[in-house]
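Q: this one's sequence-less:
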Ligand SMILES: Nc1ncnc2c1ncn2[C@@H]1O[C@H](COP(=O)(O)OP(=O)(O)OP(=O)(O)O)[C@@H](O)[C@H]1O
């Protein structure tokens, strides 16, 4: 599963349940299938209404097994996309964890270009926006540009029908019961304006082996009308189109019929349409996972999600390929300097721990930092914390050992809780998964043997 940051914990549970069902292994996690998750948890989170972050089990799902904790972490540390552009890598790494400095901002300011031209011109470089509305506005503006230049633009209308109506629909206007949200119509738009040369994006998986997947973009090279007609004859005509997908070659895309629930429980609707949308612009959400050479980014006041600016900027390979349409430094700090959570990881285990990001910022800028009584080291491996704790606990074991000769068992247990257990428990959830934690638990066993007065074996 790629882009795991956008998958909610609830979705992970559904995938688990469905795989158990499909594989007929009800008692094995993910039906016994090996599952690999890829992603960066400091990129975009799941859209708000879809559920909790993938690493945070909601309270109502406890005490079921915490699915996220079944996975172990393998961290990729080398930046391949921006390789060679060290300044850009430094800015992105800082933005990712909310450490942008004034110097970083001033470098980004140099990429703000008011009226982008040449390679960054409106109809050439991809525009990346935060909202669908901005994307639609830009696509409409580019379409107008071509219209004014004299391009022959065809309007394609979807063929909709209701296939198992639950009620009498004689007087019904079909448009009123077909969802307007393209995500609820299987990715098929109700109207599409195209021309030879238009930049389009596939909204449906056609053939994964050929790279024809939801999100693939290309330019229309030919429009093929039904019945060998040379041009659009009826406004209900839905053509096939040849699209140049670049590396994936020139491929034909036919209209597709998809069924989906009609509104107000009217039954099942079916739409036949080209699974395409215009794509001179795209939202940051749709761009996560992609790489482009050139893009014009909107980083203005409409940024609304944690990690959004980082995902947007990190799509291009170099600072030269970046043009910023609007830059709101305050907003950038607001959305990317204050994530509500961060992830702590050691060599092998992932533990989801909520902590103030400031502590992590301090830890990553210095070799080792003590914050709230916990030692943070640069790699968040908790070695300093474990070392310090073991020193303290060893001393207190010495005290317990001496005490056991002169106090009752009850007092000794009280002393254990005060001198040992309280120190050990502090922030245990943070460092308890680290590889050094076993040393602490070894000392605890030693303390246990002292208060229970049991021999080593
Ligand atoms: N080993 C490599 N050598 C050269 N280029 C690479 C290598 N691995 C990846 N790349 C390039 O780096 C870019 C990013 O790769 P990819 O999309 O796989 O990264 P990612 O980790 O999924 O990034 P993100 O999650 O931010 O989208 C691509 O342009 C890819 O061609």
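A: All right, it came through fine. Fair warning: this is a prediction, and the values are worked out from it, not measured in the lab.

Q: In contact with residue 138: list those residues for me.
A: 122, 127, 129, 280-281 (CB atoms under 8 Å, 6 or more residues apart in numbering). Heads up, the C-betas are built off the backbone N, CA and C, glycines and all.

Q: quick one: which two of the residues you listed are the most distant?
A: 122 and 129 (13.1 Å; CB to CB).

Q: Go ahead and confirm residue 312 touches residue 297.
A: Yes. Assessed by CB atoms under 8 Å, residue 312 is found in contact with residue 297 at 5.2 Å.

Q: contacts for stretch 8-19?
A: 1, 29-31, 33, 46, 50-58, 61, 67-68.

Q: Buried only: go through the residues you listed for me.
A: Among the contacts of stretch 8-19, those that count as buried by neighbour count (16 or more other CB atoms under 10 Å) are 30-31, 46, 51-55, 57, 67-68.

Q: and those residues, which of them are in strands?
A: Using DSSP state E, the subset of those located in strands is empty.

Q: which bits of the stretch 251-400 of the chain sit near the ligand?
A: By CB under 6 Å from any ligand atom, the residues of the stretch 251-400 of the chain that approach the ligand are 289, 291, 314.

Q: could you redo the last one with a cut-off of 8 Å?
A: By CB under 8 Å from any ligand atom, the residues of the stretch 251-400 of the chain that approach the ligand are 288-291, 311, 314-315, 317.

Q: So which of those residues belong to strands?
A: Using DSSP E, none of those sit in strands.

Q: Which of those has the largest number of neighbours?
A: Top of these by neighbour number is residue 311, holding 27 neighbours under the definition other CB atoms under 10 Å.

Q: Residue 287 is in contact with that one, correct?
A: Yes. Using CB under 8 Å, residue 311 is in contact with residue 287, at 6.9 Å.

Q: just to revisit the earlier point, please pick the buried ones from the contacts of residue 138.
A: 122, 127, 129, 280-281.

Q: element containing the closest residue to residue 242 other than its chain neighbours, please.
A: In this structure, residue 242 finds its nearest non-sequential neighbour in residue 222, 4.1 Å apart by CB to CB, 6 or more residues apart in numbering. For residue 222, the enclosing helix or strand under DSSP states H and E is strand 217-224.

Q: try residue 392
A: Counting by DSSP H and E, residue 392 is part of helix 383-403.

Q: gap between that helix and the chain center?
A: 42 Å (CA atoms, centre = their mean, to the nearest Å).

Q: Tell me which other helices or strands it touches.
A: Where contact means 3 or more CB pairs under 8 Å, 6 or more residues apart in numbering; DSSP states H and E, helix 383-403 is packed against strand 374-377, helix 409-416, helix 422-425, helix 428-431, helix 437-452.

Q: Could you rerun that using 10 Å?
A: strand 368-371, strand 374-377, helix 409-416, helix 422-425, helix 428-431, helix 437-452 (3 or more CB pairs under 10 Å, 6 or more residues apart in numbering; DSSP states H and E).

Q: what mean pLDDT does that helix have?
A: Helix 383-403 shows a mean pLDDT of 91 in the predicted model.

Q: returning to what we had before: got a list of what the residue nearest to residue 242 touches?
A: Residue 222 makes contacts with 196, 239-244, 250, 252, as judged by CB atoms under 10 Å, 6 or more residues apart in numbering.

Q: pLDDT for those - can I get that in JSON lines?
A: Below are the contacts of residue 222 laid out as JSON lines (pLDDT from 0 to 100):
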{"residue": "196", "pLDDT": "96"}
{"residue": "239", "pLDDT": "96"}
{"residue": "240", "pLDDT": "97"}
{"residue": "241", "pLDDT": "97"}
{"residue": "242", "pLDDT": "98"}
{"residue": "243", "pLDDT": "97"}
{"residue": "244", "pLDDT": "97"}
{"residue": "250", "pLDDT": "96"}
{"residue": "252", "pLDDT": "96"}
